[in-house]
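Pasting a predicted model and its sequence here:
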Amino acid sequence: MNTQARQRIVLKVGSALIAPDRQGCSSRYLLSIAQFIVRCRTKGIQVILVSSGSIAAGAHRFPLQSSDDPTDPKAQIALKKAMAAAGQTEMMATWDKFFDFPTAQVLLTHADLRDRERYLSVRDTLSTLLDHDILPIVNENDTVTTDKLKVGDNDNLSAMVAAAADARSLVICSDIDGLFDSNPHLNADAKLIADVKEIDASIYAMAGGSHSDVGTGGMTTKIQAAEKAVSHGIDTYIVNGFKEQSFNDLLSGKNPGTLFRGSDSPMLERLHWFTHTVRAEGEVIVAPEDEVHSAEDFVNLSSSEVLDVKGTFAEGDTIVLRSDDGTQLAKARSNYSSRLLKFIAKQDDSKLVDSFTHNRGLIAAQDIALLAPEANELEEKS
């Protein structure tokens, strides 16, 4: 890790490190992590901590018999939310006791990140905290989030936060030394992959499930997070958070695990946000009459080129455009609801179509990201 002054890094710590026994927070593994944060700040490196663990930290406050019906999904969801509410304060207090500088709690949902105005507000808040030497401690707001609003794992959340904060490095703690060519818990001959220059299907194939029964993220979510981060030019490390030496190596410029190298040609900021943070609400299957070379080609899609509409979405929602063979072509904002778009696509009368579209394209021109493999250059729309 480059340790020159004014660097900004995001450090993601999982539940297994914070509450390994689900009996409240433990300092067993956190002291070396806290010392790493302190030493980074001494070197002039700004740190944002993304910390899981609220549910695991609060679990011991709720014995199993507290739920009238443990088979009731709604009761179990409510129980987890209550655990998160109780555990979040304990988790923050645990972190706070390690530091002689102020910390700040930042609780986020996916809704805070996929809305452009709120995303920029998050970015400004993080920067202001750092400028005042306050350590932001970020977690997903599990107490209030729903399936529709949640990121789901803090690996991907940490990558979104790193992009929003314009970090130069992302460090994701794991229970193993990094990415191996096979599961090291099952194969003693598994080899560590120290350097990854490109994330492709072969890299994902090396990922297995989560070894820990405490956290929610396995190696797959860590690679997903790395893919988000490196496309923003952010070097991403997966390291063993249970080993103090991992943090000593990072501070001395060594790679203790797997380094995913940030792209030399990162996406422009708004385009990266739209591609990797905004969630698609539906799909539109299209068959463009002409070959697509740029984002503008999708703006000019006609109703006759729309084959089908999947999902339910409103005007202004984000959708994925794909071909009928399943290839994802682009991500864009729809100028029409799914219901109206289905109606428009079925019409043969161009004058009738024009009466509904008012000469407005099916796809908004502001936010479009090409997703097809051959689309090497992505353009930002303002």
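Sure thing, it's come through.

tell me the contacts of the residue positioned nearest the centre of the chain?
Central residue of the chain (CA atoms, centre = their mean): Asn156, 2.5 Å from the mean position. Asn156 makes contact with 221, 224-225, 228 under the criterion CB atoms under 8 Å, 6 or more residues apart in numbering. The C-beta positions use only the backbone N, C-alpha and C, and glycine is treated the same way.

Please apply the same query to Leu113.
119, 122, 151, 160, 164, 277 are the contacts of Leu113 under CB under 8 Å, 6+ apart.

Out of the residues you listed, show me where the pLDDT dips lowest.
Ranked by pLDDT, the contacts of Leu113 bottom out at Val151, which has 88.

What is the neighbour count of that residue?
Val151 is flanked by 24 other residues according to other CB atoms under 10 Å.

and what of Asp264?
By the criterion of other CB under 10 Å, Asp264 has 6 neighbours.

please renumber so the chain begins at 714
Got it, first residue is 714 now, which makes that one Asp977.

Spatially, what comes nearest to it if we skip its sequence neighbours?
Nearest residue to Asp977, sequence neighbours excluded (CB to CB, 6 or more residues apart in numbering): Gly946, at 7.6 Å.

Pull the contacting residues for the one you found.
By CB under 8 Å, 6+ apart, the contact set of Gly946 is 975-977, 979.

Double-check that Pro733 belongs to a helix.
No. Using DSSP: H, G, I helix; E, B strand; the rest coil, the assignment for Pro733 is coil, not a helix.

I'd guessed Phe811 sits against Leu743; true?
Yes. Taking contacts as CB atoms under 8 Å, Phe811 lies within contact range of Leu743: 6.8 Å.

Between those two, tell me which one has more neighbours.
More crowded of Phe811 and Leu743, by other CB under 10 Å: Leu743, with 20 against 15.

pLDDT below threshold where in the chain?
Residue ranges of the chain with pLDDT under 70: 715-719, 777-784, 921-930, 1005-1006, 1061-1072, 1085-1095.

where along it do the helices fall?
Under the criterion DSSP state H, helices of the chain are mapped to 728-731, 743-755, 767-771, 786-809, 823-827, 829-844, 867-877, 914-918, 932-943, 957-964, 982-989, 1008-1012, 1051-1058, 1063-1070.

quick one: which of those helices is nearest Met714?
Evaluated over these, closeness to Met714 peaks at helix 957-964, with 4.5 Å, by CB to CB.

and the angle from that closest one to helix 743-755?
Interaxial angle of helix 957-964 relative to helix 743-755 (axes from the mean of the first three to the mean of the last three CA atoms, to 10 degrees): 10 degrees.

measure Gly966 to Gln720 for me?
12 Å (CB to CB, to the nearest Å).

And those two? Which one has more around it.
The neighbour comparison of Gly966 against Gln720 (other CB under 10 Å) goes to Gln720, with 17 against 9.

can you tell me which residues contact Pro770?
Actually, residue 770 is Ala rather than Pro. 731-732, 737-738, 799-801, 803-804, 807.

now for these, which pair is the farthest apart?
Longest distance between any two of the contacts of Ala770 is 14.1 Å, between Ile731 and Ala799; criterion CB to CB.

More neighbours: which of these two?
Using other CB under 10 Å as the criterion, Ile731 and Ala799 rank with Ile731 on top: 29 against 20.

Next up, the contacts around that one.
Residues near Ile731 by CB under 8 Å, 6+ apart: 738-739, 742-743, 764-766, 769-770, 804, 807.

now the residues you listed: which count as buried?
Neighbour counting over the contacts of Ile731 (16 or more other CB atoms under 10 Å) leaves 738, 742-743, 764-766, 769-770, 804, 807 as the buried ones.

would you list these in a markdown table and tack on distance to Ala1078?
Output for the buried ones among the contacts of Ile731, formatted as a markdown table (distance: CB to CB, whole Å):
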| residue | distance to Ala1078 |
| --- | --- |
| Cys738 | 49 |
| Tyr742 | 49 |
| Leu743 | 48 |
| Ser764 | 39 |
| Ser765 | 39 |
| Gly766 | 43 |
| Ala769 | 45 |
| Ala770 | 46 |
| Met804 | 44 |
| Thr807 | 48 |
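
what's the closest of those residues to Ile912?
Of those, the one sitting nearest to Ile912 (CB to CB) turns out to be Ser765, at 22.7 Å.

out of the contacts of Gly946, who has the most neighbours?
Greatest neighbour count in those, by other CB under 10 Å, goes to Gly975: 18 neighbours.

Looks like that residue contacts Ala942 (just checking).
Yes. Counting by CB under 8 Å, Ala942 is a contact partner of Gly975 at 7.2 Å.
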